[in-house]
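*Asks:* I need the structure of the sequence given here:
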Amino acid sequence: MNFPGKGRLVKWMKGRKTSIYEHGYRKEYDKEYGKEADSYQRYQSVIKRKIKVESEISFEKGLAVESQDRDRELTEQLKNEKYTFENPYVVLNPYGRTPLCAYVMFQTEGPCKVRFLVKGKTDATDIKDEVKNFEKWHRVPIYGLYPSWENQVTLELLDERGNVIKKKELILSTGKLPQSMEDMVRIEKKKATSSMKLILVTGKSMPYPMAFDEEGEIRYMMKFRPRGYGFFPLANGRFIVMERQTLLPTQLIPHSTQMYEMDYLGRVYRTYYVPNGIHHDVCEMTPGGNLLIASNSQCGHVEDCIAEVNRENGRVEAVLDMREIFGTAYRDRTNWVHINSLDYDSEKKQVYFSARNIHTIGCIDWKRKKLKWILGEKNMWKERPFSRKLLETPEGMPWHFQQHSAKLVRENLDGRPDTIHIMIFDNHWHVRRKNKFFDQDEQSYVTIYTIDEKKKKAWIEKRFGGIKSKITSNGILKGDAGRLFYMGGFLAYPEENDNRGGYIYEFDYESRETLNEYSIRYFFFRAYELCMNMEDLSNAMDLYEEPCVGWLQPFEKMDRPMERPQKKTSEAPITCPQERIRLRLEDQNLQIKSRDHLIQQVAVNGKKYAYQKDFRKPAREQDLAAEMEYYVSIPLYNLEEDTYEVYVRFADEWYDSGETFTITSGERRSE
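*Replies:* I've put the predicted structure just below:
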């Protein structure tokens with residue numbers, strides 16, 4: 001059988017009931033869209049070199065390098081000056097991103113540990129924590145300060161028996177928050193002391209990530225705007241966050257090509273480059289281990305891949321395209337599956353995922369890349385090849401629709417060794433893919449499923465309803481406190497709720513009674529408990545750690561230097577309209593800012609060598625991001641030594657940017 005030619009491919013796929021992968025046509029299919037199947041591995045095969053770049057183009061330090069430089073300054077300040085407990089060095093907002101945090105730095109004659117207390121406006125809102133390591137050199141992180149306030153902070157030195165050796169009072173004065181942060185949190189109901197000291201709200205239209213106490217007061221803010229997906233907490237008390245300005249064009253909306261490992265003081269430890277982009281979710285496979293990310297095939301579809309990223313060197317170890325799982329089932333649009341959450345069971349080596357646009361959560365054997373089970377509205381799957389993977393459920397059980405945040409519950413809720421529990425936020429919305437069995441329920445839910453994987457059965461353990469939140473959102477179970485949080489991030493009808501964007505409920509887990517309710521001014525992606533790793537925050541950064549890892553799509557070498565762009569009636573070169581683009585150098589990357597899909601190609605033309613990068617594929621399918629401006633990032637580490645002029649192609653016409661750079665080679669390194 002011959003593979004269909006261009007133009008007949010999509011029609012051919014729609015007419016088949018089995019995946020093209022089952023017949024060995026993956027490579028041919030991917031070539032139809034201008035990408036080879038091994039694109040991740042192909043980019044990673046480029047040898048990275050340390051290079052020196054000289055240019056008049058503005059150079060900006062990457063956030064990881066910037067953090068290392070600032071951390072070095074603070075360490076030298078502590079070591080070179082004689083700061084004591086009685087006369088400490090107080091640094092408010094030490095890294096320029098957390099105006100409600102501080103470092104208190106000093107030396108002591110003998111090793112001791114340090115405890116602090118920030119006095120709250122009520123006794124219940126006191127913030128206290130301690131650095132448990134016994135040290136002589138102290139960098140004590142203070143958090144939970146109020147904005148525009150003379151904050152009373154008590155410091156205590158403790159000996160090995162926990163006795164207070166010394167005590168000191170400090171006043172830390174803070175400034176106002178931005179006007180956009182006013183009226184951020186309203187208490188709608190308060191019946192009990194909250195089980196979360198600080199609730200962290202991130203992503204979507206939030207001006208900045210922030211955390212508030214049970215009185216609705218902002219006690220933490222990160223003056224750094226991430227991509228709209230917000231923060232993804234890690235086991236070490238840090239988090240992963242996606243860059244919002246450096247993106248990759250896709251058929252629909254652009255996606256981040258770099259993410260950071262950051263802590264809650266604003267230090268960036270590492271920048272990860274990911275060639276096909278990142279969206280929606282990042283999770284650890286094990287504490288400190290590799291990362292699972294939601295990514296893209298860029299082969300006619302978006303938001304359809306899961307990739308495993310090596311934590312140390314950024315290499316993409318494995319990629320799973322969801323076409324290999326579901327074949328042609330429901331593959332009727334560019335964003336056909338829309339992976340919006342991931343989680344990993346390290347014992348069973350299983351990935352749990354949420355696929356919003358097919359109303360389904362599922363489980364994949366990550367080693368074998370095979371589907372183990374799916375849980376979704378049964379009529380969607382009963383006539384599909386995957387009906388045998390559908391978990392058996394009780395008759396009349398309510399279904400989830402366009403769900404988010406499917407996460408494995410790490411606690412055993414029923415005392416049985418043969419079950420697992422999955423918690424989801426059931427948005428109960430069906431705009432993206434209409435389902436005739438949708439029940440028109442006007443609430444959204446945090447739902448906990450109990451699943452017996454051996455017997456292939458599932459049922460609802462608990463279900464907590466609230467105001468309709470049509471996208472984003474998550475649930476948090478505080479099992480030790482007997483509480484469950486409904487983090488409704490995107491209210492469907494804000495006009496009916498005083499134009500509030502989000503809503504948070506705190507429930508008693510056993511009785512389902514609503515204890516506390518808060519409304520949030522803006523839409524948000526997810527909310528969590530703010531948990532500070534005091535030991536990590538009190539330590540200096542490892543300045544020998546490689547700050548930037550991973551790979552991006554590099555320039556491709558041309559056979560010979562191209563002709564300089566010329567006007568048709570003149571020998572003078574055409575200069576790029578400066579209002580349309582901006583060039584900068586960051587780390588070892590050339591970055592060019594323009595509107596979405598405006599740049600078609602970029603060429604760098606040297607005296608001996610020339611390279612080009614093509615951005616024409618994939619073409620824009622919708623105008624969702626037509627006015628959006630962002631940087632595309634192209635690494636320079638594969639360029640030979642030369643002086644290069646930068647040309648950019650718009651509207652099928654080449655322009656001279658007027659900028660040049662010179663590459664001087666350094667040592668090669670393998671990763």
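*Asks:* Ile278 is in contact with Tyr260, isn't it?
*Replies:* No. At 11.1 Å, Ile278 and Tyr260 do not qualify as touching, with contact defined as Cβ atoms under 8 Å. No exception for glycine: its C-beta is placed from N, CA and C like everyone else's.
*Asks:* which residues do the two both contact?
*Replies:* Met242 (Cβ atoms under 8 Å, 6 or more residues apart in numbering).
*Asks:* looking at those two, which one has more neighbours?
*Replies:* The neighbour comparison of Ile278 against Tyr260 (other Cβ atoms under 10 Å) goes to Ile278, with 28 against 23.
*Asks:* tell me the pLDDT at the more buried one?
*Replies:* Ile278 is assigned 97 on the pLDDT scale.
*Asks:* strands paired with the helix or strand harbouring it, and their directions?
*Replies:* Using DSSP states H and E, Ile278 sits within strand 268-284. Sheet pairing of strand 268-284 (DSSP bridges) gives strand 255-262 (antiparallel), strand 291-295 (antiparallel), strand 548-550 (parallel).
*Asks:* closest one to Asp321 among the ones you listed?
*Replies:* Evaluated over those, closeness to Asp321 peaks at strand 291-295, with 9.5 Å, by Cβ to Cβ.
*Asks:* quick check: what element follows the closest one along the chain?
*Replies:* Next along the chain after strand 291-295, taking DSSP H and E as the criterion, comes strand 305-309.
*Asks:* let me know the angle separating that following strand from strand 291-295.
*Replies:* Relative orientation of strand 305-309 versus strand 291-295 (axes from the mean of the first three to the mean of the last three Cα atoms, to 10 degrees): 150 degrees.
*Asks:* in strand 305-309, which residues are buried?
*Replies:* Neighbour counts over strand 305-309 (16 or more other Cβ atoms under 10 Å) mark 305-309 as buried.
*Asks:* may I have the strands that pair with the helix or strand just after it, each with its orientation?
*Replies:* For strand 305-309, the following helix or strand on the C-terminal side (DSSP H and E) is strand 316-321. Strand 316-321 has the following sheet partners, assigned by DSSP bridges: strand 305-309 (antiparallel).
*Asks:* could you check how far Ser665 is from Lys607?
*Replies:* Per Cβ to Cβ, to the nearest Å, Ser665 is found 15 Å from Lys607.
*Asks:* tell me which of these two has more neighbours.
*Replies:* Set Ser665 next to Lys607 and count neighbours by other Cβ under 10 Å: Ser665 wins out with 13 against 10.
*Asks:* now that one, nearest residue through space, not along the chain?
*Replies:* Glu641 (5.2 Å; Cβ to Cβ, 6 or more residues apart in numbering).
*Asks:* again, but for Asn589
*Replies:* Leaving aside its chain neighbours, Asn589 sits nearest to Ser633 (4.7 Å; criterion: Cβ to Cβ, 6+ apart).
*Asks:* am I right that the one you found is in contact with Thr246?
*Replies:* Yes. Counting by Cβ under 8 Å, Ser633 does reach Thr246; the two are 4.9 Å apart.
*Asks:* shared neighbours, those two?
*Replies:* Joint contacts of Ser633 and Thr246 (Cβ under 8 Å, 6+ apart) are 257-258, 586, 591.
*Asks:* in the stretch 401-550 of the chain, which spans are strands?
*Replies:* Per DSSP state E, counting those that start in this stretch, the stretch 401-550 of the chain carries strands over the ranges 404-408, 420-426, 444-452, 457-466, 474-478, 483-488, 502-508, 514-520, 526-529, 548-550.
*Asks:* now do the second one: distance to the chain's middle.
*Replies:* Here the centre of mass of C-alpha atoms in strand 420-426, compared against the chain's by Cα atoms, centre = their mean, to the nearest Å, lies 20 Å away.
*Asks:* tell me which other helices or strands that strand touches.
*Replies:* strand 404-408, strand 444-452, strand 474-478 (3 or more Cβ pairs under 8 Å, 6 or more residues apart in numbering; DSSP states H and E).
*Asks:* repeat that with 10 Å
*Replies:* Judged by 3 or more Cβ pairs under 10 Å, 6 or more residues apart in numbering; DSSP states H and E, the packing partners of strand 420-426 are strand 339-345, strand 350-355, strand 360-365, strand 404-408, strand 444-452, strand 457-466, strand 474-478, strand 483-488.
*Asks:* which intervals of this structure have sub-threshold pLDDT?
*Replies:* 1-43, 45-47, 566-579, 666-671 (pLDDT under 70).
*Asks:* coming back round to it: tell me the two of the shared contacts of Ser633 and Thr246 that are most distant?
*Replies:* Most distant of those, by Cβ to Cβ, are Thr257 and Glu586, 11.9 Å apart.
*Asks:* identify the contacts common to those two.
*Replies:* Residues touching both Thr257 and Glu586 (Cβ atoms under 10 Å, 6 or more residues apart in numbering): 246, 631, 633.
*Asks:* now these as a markdown table including distance to Gly96?
*Replies:* Shown next, in a markdown table, are the shared contacts of Thr257 and Glu586 (distance: Cβ to Cβ, whole Å):
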| residue | distance to Gly96 |
| --- | --- |
| Thr246 | 20 |
| Tyr631 | 21 |
| Ser633 | 23 |
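*Asks:* for ChimeraX, what selects the buried ones among those residues?
*Replies:* To isolate the buried members of the shared contacts of Thr257 and Glu586 in ChimeraX, using 16+ other Cβ under 10 Å:
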select :246,631,633
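*Asks:* pick the one among the shared contacts of Thr257 and Glu586 closest to Ile476.
*Replies:* Thr246 (30.4 Å).
*Asks:* give me the distance from stretch 306-323 to the chain's centre.
*Replies:* Distance, centroid of stretch 306-323 to centroid of chain: 15 Å (Cα atoms, centre = their mean).
*Asks:* try stretch 438-452
*Replies:* With Cα atoms, centre = their mean, you get 26 Å for stretch 438-452.
*Asks:* what sits against Ile471?
*Replies:* Per Cβ under 10 Å, 6+ apart, neighbours of Ile471: 204, 340, 356, 402, 404, 425, 427, 429, 431-432, 489-490, 492, 523, 525.
*Asks:* buried ones among those?
*Replies:* Buried positions within these, assessed by neighbour count (16+ other Cβ under 10 Å), are 204, 340, 356, 402, 404, 425, 427, 429, 489-490, 492, 523, 525.
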